[in-house]
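Q: next one to model:
(2 chains)
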Amino acid sequence: MSENNNIKKKQDEESIINQAANEEYRYGFVSDFETDVIPKGLNEDVVRRISSLKNEPKWLLEFRLKAFRHWQTLKLPKWGKVNMPDIDFQAISYYAAPQTKTNDKKEIDPELKKTFDKLGIPLEEQKRLSGMAVDAVVDSVSVHTSYRERLAELGVIFCSISEAVKDYPDLVKKYMGTVVPYTDNFFAALNSAVFSDGSFVYIPKGVRCPMELSSYFRINAAQTGQFERTLIVADDDSYVSYLEGCTAPMRDENQLHAAIVEIIVEERAEVKYSTVQNWYPGDKDGKGGIYNLVTKRGICRGDHSKLSWTQVETGSAITWKYPSTILKGNNTVGEFYSVALTRNYQMADTGTKMIHLGKNSRSTIVSKGISAGHSENSYRGMVKVAPDATNCRNYTQCDSLLLSDTSGAHTFPVIEVGNDSSIVEHEATTSKINEDQIFYCNQRGISTEDAVGLIVNGYARDVMKKLPMEFAVEAQRLLSVSLEGSVG
Amino acid sequence: MNNSLKQYIDLHDEQLAAIERLAPAPLNELRKKARQALDGAVLPRKGSDDYEATDLNTVLAPDYGVNVNHVDLSRESTTKFRCEVPNLSTCLYYVFNDTFRPSETAGKSGDNACVESFQATKHPEVLAKYYGTVASLDNPCTALNTMLAQDGVLIYVPKGSHTTRPIQLINVFDANAQLMAVRRVLIVIEDDAQAQILVCDHTKGDKQYLSLETVEVIVGRNAKLDYYHMEESGMGTNRLSQLWLRQNESSNVLIDGITLTNGYTRNDYQIDVDGAHCDTQLLGMAIATSDQHVDNHTLINHSAPRCQSNEMFKYVLNDNAVGAFAGKILVKPGCPKIDAYQGNRNIVASPTARMYTKPQLEIYTDDVKCSHGSTVGQLDQEALFYMQTRGISLPIAQKLLMQAFMSDVIDGVRLDTLRDRLRHLVEMRLSGDAMICESCELKK
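A: Numbers count the residues shown, from 1 in each chain, chains lettered A, B, ... in the order given. Purely as a prediction, here's the structure:
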């Protein structure tokens, strides 16, 4: 009898798994904008064309060209624990601008509004429940930024990077490329050459930004890549919380997303950067999906500054992302909280670097990986304590949860300690969901699936509670949707 | 091609006839493959993936002499050299530089086990069957060893035999020129057999030496092996060692690698757990001062279900010492019920000492329990303070805490007498005393 039950349970589980695997990606629709796309291919003319389309000053074109020339000398890196195919960089169009029917930036194009309503991101300010300013970026262009006037009253600059280049060239020139130079890596060089839009944030001295700032990135056009560039500067004694969300339509082709995020935190300032990444992950056979290859790095330049990264990674066919912090000032704090969920044939190689250069700097890393289906999920991290950085402290916890016997979970941490007064700890575990816990829940009338949901949410709680409230709800939902039926 | 590797390849090419003349056939057969593997090979650079802190180029750069004609260079007699474990009677064998010499106590155990040189073995079939079957020529040091190896030590414990006395192998460097000893050991423990092996490294004089050492171990079904390696050489002695081990079903293995004094050391351990129900203990410890360099690189490769492995490496670093540890637990697909732990705990006791650590997990099966932990820190200030309030001076308190820190590696030793001896040696090492056995006539 009990054997029959077991078989039935197994069958139920399998059917639930199939359901989950076949579940549609919620944001997979294509919007019907008219889009200006420049022809495919990459050469100096394309770089010049992008620059002229955006009416950029000469120094920026020079910067792009230098980056492009450097990029030509580099090779696609292969060290990640992802199966990176050879990307044909000549088969991608590097600039796509949706044509809005209104020219006035203050008015919102109806088609655009429809798209963002469908995504659940309202662009109209009066409709917002909570005060959150949104910069909406579709393909290569920032289409709308809300609440700009209210922020401007406090001196906070929140606009797209192309506008910032025109309106605040000195600030952009001063900070761009200082944290992630174009020579940093292959994708950083590529991005520096062809970057299109992204957000620019400047918080002046002593200002606490009154609302969450957020960017919403959407890839819409086919056969294009998105190369956004975000620059956040928090001047002395300021505070800002910045959120980033991303989605893309379902397509059989792989699309490239190679972004750069640079954050500069000055004395006693604090920046909180949160990401909910939900790019299209490809279908159940691993066809299509976004290659998410980004370079994110921040520097705590001033003493007593703090930078906190929180990320929930559920999308993308390939994720290759290491939001890092350089703790240059004394008594600085770096944090990294991450949940990475992979299923089907997704591959994620993600983690962080904490470079301790300042004395008494502290960092915390909490990384939770969940792998299901045939996916590969890796944590790769580095904690480096320079010889002069005395009394540093790091704590790293990285856990992996395996939901299927065909998935992989890996940890590759590197620790380098150069002095005798710093303490670095690293702990990692890999296991499947504890059967006793599931049994206990079953006993209390909770179905296996709900029990797994509960356990996973509890497992990811350390990270989820670091997210701003508006995002936490979304992220939790995303996690439970993605997990639905992944009980193995 | 790197120059430091090239000099040895050139030496091989020039002296091939002399090298092959003395070596048994299986060595010569594999030599060709090793030569091919090194053709166009480049030594991994320092900072590259598996060599975060160790520069092979520098270690191999000096123009070491290689004893191609296999002359016994040491004039010391085996009776003068003692490495005693009190209250433990062992079957004693020596390797002077690269030359195997049994002692008078050897072979009198009445056991079936035999310890012989490759050249004079009575079991050539064992050598032919197992030589080079576990070691991979992808490792440049193993390839170099295989290309130059002329002799080695075969430890063979036939099916069902148990050694009554531990086998003790003493490696001694004693020559009047700077020398590279190509040392090779093949350990075959057949099904249901048991053995305990003690190995220690020593150096006489202050010449610069390099021990290029490859150990291959095959542990049969239901067999048990304890293998202890202690490095007590001198500042001028460098060591590149690789231990390759294959475990068959239900076998039980303990590997213990201890570094007390040395120059520049890199140890590679690769354990392939090929059968189910195996138990693997891999322990290690290093106490390093002045300019000592200790790098341990481990891989436990679980390719069978229902196994258990436990790995623990501990370091105490002082002065300008450099410690490095990189470990990986790999669980292949279809290997459920693996319980694996990997730990690396380090104390950095001076501002100029450096520690690099890289613990890694690579898991492809879901029903497993794998974890690792790694810490780099200092002695607990409160514990030190507490002891001082009880009248214990700071240096002694520090020593006591360091000893306690090392105790879980020491406690892993399964031979009571050896455990006591090791505890004593660690105490002497932490106090800075010379670690010479009372009856050894070669006191420095």
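Q: quick one: low-confidence ranges for the chain?
A: Just going to use chain A. Per-residue confidence for chain A (pLDDT under 70) gives these ranges: A:1-26, A:28-29, A:31-34, A:99-113, A:115-133, A:139-146, A:247-252, A:470-471, A:478, A:480-488.
Q: nope, chain B
A: Along chain B, segments meeting pLDDT under 70 span B:1-2, B:77-81, B:105-111, B:434-444.
Q: where does A:Tyr440 fall, secondary structure wise?
A: Using DSSP states H and E, A:Tyr440 maps to helix A:435-443.
Q: now do the helices in chain B.
A: B:3-22, B:25-38, B:56-60, B:124-130, B:140-148, B:381-389, B:394-410, B:416-431 (DSSP state H).
Q: out of these, deepest packed?
A: Neighbour counts (mean count of other C-beta atoms under 10 Å in any protein chain shown) averaged over each of the helices of chain B peak at helix B:140-148, with a mean of 24. Using the backbone N, CA and C atoms, a C-beta is placed for each residue, glycine as well.
Q: how about that helix as CSV, C-alpha atoms only?
A: In CSV, the C-alpha atoms belonging to helix B:140-148 read as follows (Å, rounded to 0.1, in the frame of the first residue of the first chain):
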residue,chain,number,x,y,z
PRO,B,140,53.6,19.0,-15.1
CYS,B,141,55.5,17.9,-12.0
THR,B,142,54.3,14.3,-12.3
ALA,B,143,55.2,14.4,-16.0
LEU,B,144,58.7,15.6,-15.2
ASN,B,145,59.1,13.0,-12.5
THR,B,146,57.9,10.2,-14.9
MET,B,147,60.2,11.5,-17.6
LEU,B,148,63.3,11.3,-15.3
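Q: which secondary structure elements does it contact?
A: Judged by 3 or more C-beta pairs under 8 Å, 6 or more residues apart in numbering or on different chains; DSSP states H and E, helix B:140-148 is in contact with helix B:3-22, helix B:25-38, helix B:56-60, strand B:179-189, strand B:209-219, strand B:237-247.
Q: for the ones you listed, which one sits closest to A:Tyr273?
A: The closest approach between A:Tyr273 and any of the helices and strands packed on helix B:140-148, judged by C-beta to C-beta, belongs to helix B:56-60 at 40.7 Å.
Q: export the helices and strands packed on helix B:140-148 to a markdown table and tack on distance to chain A?
A: Converted to a markdown table, the helices and strands packed on helix B:140-148 look like this (distance: least, C-beta to the nearest C-beta, whole Å):
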| stretch | distance to chain A |
| --- | --- |
| helix B:3-22 | 24 |
| helix B:25-38 | 22 |
| helix B:56-60 | 19 |
| strand B:179-189 | 30 |
| strand B:209-219 | 26 |
| strand B:237-247 | 21 |
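Q: for the helices of chain B, give me CSV that also has distance to B:Ile347.
A: Shown next, in CSV, are the helices of chain B (distance: least, C-beta to C-beta, whole Å):
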stretch, distance to B:Ile347
helix B:3-22, 33
helix B:25-38, 39
helix B:56-60, 26
helix B:124-130, 40
helix B:140-148, 29
helix B:381-389, 12
helix B:394-410, 6
helix B:416-431, 11
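Q: so which of those comes closest to B:Val219?
A: helix B:124-130 (11.4 Å).
Q: give me the contacts around that closest one.
A: For helix B:124-130, the external contacting residues (C-beta atoms under 8 Å, 6 or more residues apart in numbering or on different chains) are B:24-26, B:118, B:121, B:154, B:156, B:186, B:188, B:216, B:218.
Q: now for these, which pair is the farthest apart?
A: B:Ala25 and B:Ile218 (19.4 Å).
Q: any idea how far the residue of the stretch 101-250 of chain B at minimum distance from chain A is from B:Leu400?
A: Of all residues in the stretch 101-250 of chain B, the one sitting closest to chain A is B:Asp138 (17.6 Å; C-beta to the nearest C-beta). Using C-beta to C-beta, to the nearest Å, B:Asp138 is found at 44 Å from B:Leu400.
Q: likewise A:Lys466?
A: In this view, A:Lys466 and B:Leu400 are 41 Å apart by C-beta to C-beta.
Q: swap in A:His70?
A: 56 Å.
Q: which non-adjacent residue is nearest the residue of the stretch 101-250 of chain B closest to chain A?
A: Leaving out its chain neighbours, the residue that sits closest to B:Asp138 by C-beta to C-beta, 6 or more residues apart in numbering or on different chains is B:Ala37, at 7.2 Å.
Q: gap between the one you found and A:Asn394?
A: 40 Å.
Q: thinking again about what came up before, let me know how buried the residue of the stretch 101-250 of chain B closest to chain A is, in neighbour terms.
A: For B:Asp138, the neighbour count with other C-beta atoms under 10 Å in any protein chain shown is 9.
Q: return the backbone torsion pair for it.
A: Torsion angles at B:Asp138 (phi, psi; degrees, to the nearest 10) stand at phi -70, psi -20.
Q: residues in contact with A:Val265?
A: Contacts of A:Val265 by C-beta under 8 Å, 6+ apart are A:234, A:271, A:298-302, A:305-307, A:332.
Q: of these, buried ones?
A: Buried members of the contacts of A:Val265, counted by 16 or more other C-beta atoms under 10 Å in any protein chain shown: A:234, A:271, A:298-302, A:305-307, A:332.
Q: what about those, which are in strands?
A: Of these, the ones assigned to strands by DSSP state E are A:234, A:271, A:298-300, A:306-307.
Q: rebuild those as a markdown table, extending it with distance to chain B.
A: Shown next, in a markdown table, are those (distance: C-beta to the nearest C-beta, whole Å):
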| residue | distance to chain B |
| --- | --- |
| A:Ala234 | 31 |
| A:Val271 | 28 |
| A:Gly298 | 24 |
| A:Ile299 | 23 |
| A:Cys300 | 22 |
| A:Lys306 | 23 |
| A:Leu307 | 23 |
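Q: just the closest residue of the stretch 51-200 of chain B to chain A, please.
A: Closest point on the stretch 51-200 of chain B to chain A, by C-beta to the nearest C-beta, is B:Glu52, at 7.0 Å.
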